[in-house]
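A.B. asks: Sequence and predicted model, in that order:
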Amino acid sequence: MTLQFRCSGLEVPEPVRAQLADDDVAARLVGKDATLWGPEAEPEASIRLGWLDLPATSRELVARLADLRAELAGEGLDRVVLAGMGGSSLAPEVICRTAGVPLVVLDTTDPGQVAAAMTDLDRTVVVVSSKSGGTVETDSHRRAFLTAFAEAGLDEQQVGRRFVVVTDPGSPLAETAAAMGARAVFLADPHVGGRYSALSAFGLVPAALAGVDVAELLDDAADLAEHLAEEGNPALELGVAMGAGFRTGRDKVALADGGSGITGFGDWAEQLVAESTGKEGRGLLPVVLESVDAPGAAAPDALLAVVGGDPVEGRPSVGVAGPLGAQFLGWEYATAVAGRVLGINPFDQPNVTESKENTSRILESGLPDERPLATVGAVELYASGGVLDGVDLSAHDGLTLALDALLAAVPPRGYLAVMAYLDREADARAGELRAALARRTEHAVTFGWGPRFLHSTGQYHKGGPQVGAFLQVTGAVTDDLPVPDRPYSFGTLQAAQAAGDRQALADRQRPLLHLHLTDRSAGVDQLMRALG
Ligand SMILES: O=P(O)(O)OC[C@H]1O[C@H](O)[C@H](O)[C@@H](O)[C@@H]1O
């Protein structure tokens, strides 16, 4: 079998396993039984289980994609940019990084990062991927490239032929694609939700056009699919472990790579687990670790999941080994099983819209007029939820004191979420904040790039247990970029997204420290020094 599962040191309460077996969950899931998650979830589940068929149904894409890639190559179009958020970009990013194939992923509103993607236009094709067809970031990228191609001298027809679209049938993007004369439109199975779409057109189109052999992914997934109705199959065991962890006080899943050869799997699994389970005041919090030994790996409230390796002896942990195609399908199945154990609907994301609505309101009414509580070098400090009450920000180590106050505000069994609305290429160093903060606390520390995490862990932050404390980092924009035919720029959109999410967290009285870097590089240096 292409997926192997091993578990160490985790107590699985007998009722968890027995109930799943008695209820015949493995076979019923493969049979797409939409009643598995209770009557309230049934309508949604009945239109969200198509991912189980993808190893077979996606086959027909392989030849079509090979032809399209050859056609593009024949015209010298060998640079693929993917505009897509969350489920529409995380899988192709892992697929391409693992295969060592270049793919420019645009899942940001950071003006610097967007501008950096808009180079080499003469050899660029843009894949615009959005299941709903209404995601503001993706639509903004489409507009920006449309204008850039036109400015580079392409006529309307030539511009259209630089776009490949992936969307659901009947979405607004399907209409737009036809209107702009897109070179190709791939209509995905509407019975597959975004975060379960790795093996659908959403995962395969960008990856294949960039040059990955996607048939291999499907082969590896198909091999696992044959076993998914069996009791004791590895994906079921992973779901049992996740559910058992939850039942025994390990409601964080610490994801680390154990030599899988897969690059960035944690970022994909993070969305799957957080958005699927983080709701109704409960959930499993994925914590993506830098390595098996990174700070947080031995947390008493976490189940350590080693991807591509063995569990760590003496620590409640699991090892999930196998090629990427099998990992995708296996984790999707496991998450659906864990959803049943948790008693939630693993297919909806009820709280994601909240920050989006706040953002729209802010774009209409204008950005909030806030004054920093203090400025330390290149860092302006703002806070809500009482985080900085009583903290002497004028002390020489005011920034360290502020960060320590935030860490102290994390409740028992809680977590700290770092949310960086920065350029994940140019400001990549900010990613080191996670480990630096995790070294100073026994609590889980997660890291997400904004606005990308809004389509992932953002659901858990708002819908999961209210035990989070939040560090939002924003940065000065030096060269802003307009969003064509929209009354705002990328910089304004990014700022409105950050403010909209702050609002959603403040509405829940969550402790929040907002640090605005007036000079990004100097600000990140300062933060790393403050965390020493
Ligand atoms: O593919 P799209 O419709 O553009 O959606 C992209 C993302 O947006 C939303 O925020 C959802 O919560 C995600 O699950 C989804 O993957």
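C.D. replies: That came in fine, so what should we check first? Residues are numbered from 1 along each chain as shown.

A.B. asks: what sits against the closest residue in space to residue 244 that isn't next to it in sequence?
C.D. replies: Using C-beta to C-beta, 6 or more residues apart in numbering and skipping residues adjacent in sequence, the residue nearest residue 244 is residue 12, 4.2 Å away. No exception for glycine: its C-beta is placed from N, CA and C like everyone else's. By C-beta atoms under 8 Å, 6 or more residues apart in numbering, the contact set of residue 12 is 240-241, 244.

A.B. asks: Please report phi then psi for residue 128.
C.D. replies: phi -100, psi 110 (degrees, to the nearest 10).

A.B. asks: Can you give me the pLDDT of it?
C.D. replies: Here, the pLDDT recorded for residue 128 equals 99.

A.B. asks: tally of neighbours for it?
C.D. replies: Residue 128 has 29 neighbours, counted by other C-beta atoms under 10 Å.

A.B. asks: which ones are touching residue 108?
C.D. replies: Residues in contact with residue 108 (C-beta under 8 Å, 6+ apart) are 114, 137, 423-424, 449, 451-452, 494.

A.B. asks: Between the residues you listed, which sits nearest residue 478?
C.D. replies: Using C-beta to C-beta, residue 423 is the member of the contacts of residue 108 that lies nearest residue 478, at 10.7 Å.

A.B. asks: three-state assignment of the closest one?
C.D. replies: State at residue 423, reduced to three classes by DSSP: H, G, I helix; E, B strand; the rest coil: coil.

A.B. asks: tally of neighbours for it?
C.D. replies: Count around residue 423 with other C-beta under 10 Å applied: 21.

A.B. asks: how close does it get to the ligand?
C.D. replies: 20 Å (C-beta to the nearest ligand atom, to the nearest Å).

A.B. asks: cool, residue 364 as well?
C.D. replies: Separation of residue 364 from the ligand (C-beta to the nearest ligand atom): 20 Å.

A.B. asks: got it, and residue 513?
C.D. replies: Distance from residue 513 to the ligand, counting by C-beta to the nearest ligand atom: 24 Å.

A.B. asks: and the next element down the chain from the stretch of helix or strand residue 474 belongs to?
C.D. replies: Assigned by DSSP states H and E, residue 474 falls within strand 468-475. Using DSSP H and E, the helix or strand that follows strand 468-475 in sequence is helix 490-507.

A.B. asks: Direction included, what does the next helix or strand after that following helix pair against?
C.D. replies: Counting by DSSP H and E, the next helix or strand C-terminal to helix 490-507 is strand 512-517. Sheet pairing for strand 512-517, assigned by DSSP bridges, gives strand 379-384 (antiparallel), strand 468-475 (parallel).

A.B. asks: Residue 529: which of these is closest?
C.D. replies: Distance to residue 529, taken as C-beta to C-beta, is lowest for strand 379-384 among those, at 10.8 Å.

A.B. asks: Run the chain-centre distance for the next helix or strand after the closest one.
C.D. replies: For strand 379-384, the following helix or strand on the C-terminal side (DSSP H and E) is helix 398-408. Relative to the mean C-alpha coordinate of its chain, helix 398-408 is positioned 27 Å out (C-alpha atoms, centre = their mean, to the nearest Å).

A.B. asks: Taking strand 379-384 as reference, get the angle to helix 398-408.
C.D. replies: Angle of helix 398-408 versus strand 379-384, following axes from the mean of the first three to the mean of the last three C-alpha atoms, to 10 degrees, is 30 degrees.

A.B. asks: Am I right that residue 137 is in contact with residue 113?
C.D. replies: No. Taking C-beta atoms under 8 Å as the definition, residue 137 is not a contact partner of residue 113, at 11.4 Å.

A.B. asks: More neighbours: which of these two?
C.D. replies: Neighbours per residue (other C-beta under 10 Å) separate residue 137 from residue 113, with residue 137 holding more: 28 against 21.

A.B. asks: That one: which element?
C.D. replies: helix 136-151.

A.B. asks: any idea how far that helix is from the chain center?
C.D. replies: In terms of C-alpha atoms, centre = their mean, the centre of helix 136-151 is set 22 Å apart from its chain centre.

A.B. asks: That helix vs the ligand: in contact?
C.D. replies: Yes. Interface with the ligand: helix 136-151 contributes residue 138 (C-beta under 6 Å from any ligand atom).

A.B. asks: Give me the residues contacting that helix.
C.D. replies: Contacts of helix 136-151 (C-beta under 8 Å, 6+ apart): 81, 83-85, 88, 106-109, 114, 118, 121, 124, 126, 128-130, 156, 158-159, 162-163, 173, 176, 180, 356, 359, 451, 481, 483-486, 490, 493.

A.B. asks: which of those residues come close to the ligand?
C.D. replies: Among the contacts of helix 136-151, the residues within reach of the ligand (C-beta under 6 Å from any ligand atom) are 85, 88, 130.

A.B. asks: so the last one makes contact with residue 171?
C.D. replies: Yes. If you go by C-beta under 8 Å, residue 130 and residue 171 touch, sitting 7.3 Å apart.

A.B. asks: Between these two, which has more neighbouring residues?
C.D. replies: Each of residue 130 and residue 171 has its neighbours counted (other C-beta under 10 Å); residue 130 has more, 30 against 19.
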